[in-house]
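Structure for this input, please:
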Amino acid sequence: MSKSSTNIITHGYSGKVGDQFVMKNYGGITVIAMKPTFTKPWSEKQKACRRNFGRAAHAAALELSKPETRERYAKQLKPRQNILNLVVSDKLKGVDC
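Residues are numbered from 1 along each chain as shown. Next up, the predicted model:
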């Protein structure tokens, strides 16, 4: 995996490049990784986990629309952590996947 934070050509890019690799952004750093391959259909447990994650993401977005909730979570952020990811992880606690 390749990381770049100062390259003017790749900085801020994301997505698939041909069928070769993907570019992702994590906290201002562009990461180049192999393209994921999905060969098997999802199992029932994987489908349930995806549904749970979708519900948690929706609930987190609703929570973050409240200014007091946003302020409370903003105080808990660690470096290079996204506030939405923090709220989603809280919503997923106790969910068995």
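
got a pLDDT number for the residue nearest the centre of the chain?
Closest residue to the average C-alpha location of the chain: residue 85 at 6.5 Å, with Cα atoms, centre = their mean. Residue-level confidence at residue 85 comes out at 90, pLDDT.

Just to check, residue 91 is in contact with residue 56?
Yes: Residue 91 is within contact range of residue 56, at 3.8 Å (criterion: Cβ atoms under 8 Å). Bear in mind the C-beta positions are built from the backbone N, C-alpha and C, glycine included.

Please, which helix or strand holds the nearest residue to residue 76 once chain neighbours are set aside?
Distance criterion Cβ to Cβ, 6 or more residues apart in numbering; nearest residue to residue 76, sequence neighbours excluded, is residue 86 at 6.3 Å. Using DSSP states H and E, residue 86 sits in helix 83-92.

what's that helix packed up against?
Secondary-structure packing of helix 83-92 (3 or more Cβ pairs under 8 Å, 6 or more residues apart in numbering; DSSP states H and E): helix 44-64, helix 67-74.

Check the secondary structure at residue 32 for me.
Counting by DSSP: H, G, I helix; E, B strand; the rest coil, the backbone at residue 32 sits in strand.

my guess is it contacts residue 26, does it?
No: using Cβ under 8 Å, residue 32 is not in contact with residue 26; the gap is 11.7 Å.

higher neighbour count, these two?
Using other Cβ atoms under 10 Å as the criterion, residue 32 and residue 26 rank with residue 32 on top: 16 against 10.

Residue 69 versus the more buried one, what's the distance?
Distance check for residue 32 against residue 69: by Cβ to Cβ, to the nearest Å, it reads 35 Å.

Phi, psi for residue 76 please.
Reported as degrees, to the nearest 10, the phi and psi values for residue 76 are phi -90, psi -10.

Residue 59 against residue 92, yeah?
No: taking contacts as Cβ under 8 Å, residue 59 lies outside contact range of residue 92: 9.8 Å.

When these two are compared, which one has more neighbours?
Set residue 59 next to residue 92 and count neighbours by other Cβ under 10 Å: residue 92 wins out with 18 against 15.

Roughly how far does that one sit from residue 30?
From residue 92 across to residue 30, the span is 27 Å (Cβ to Cβ).
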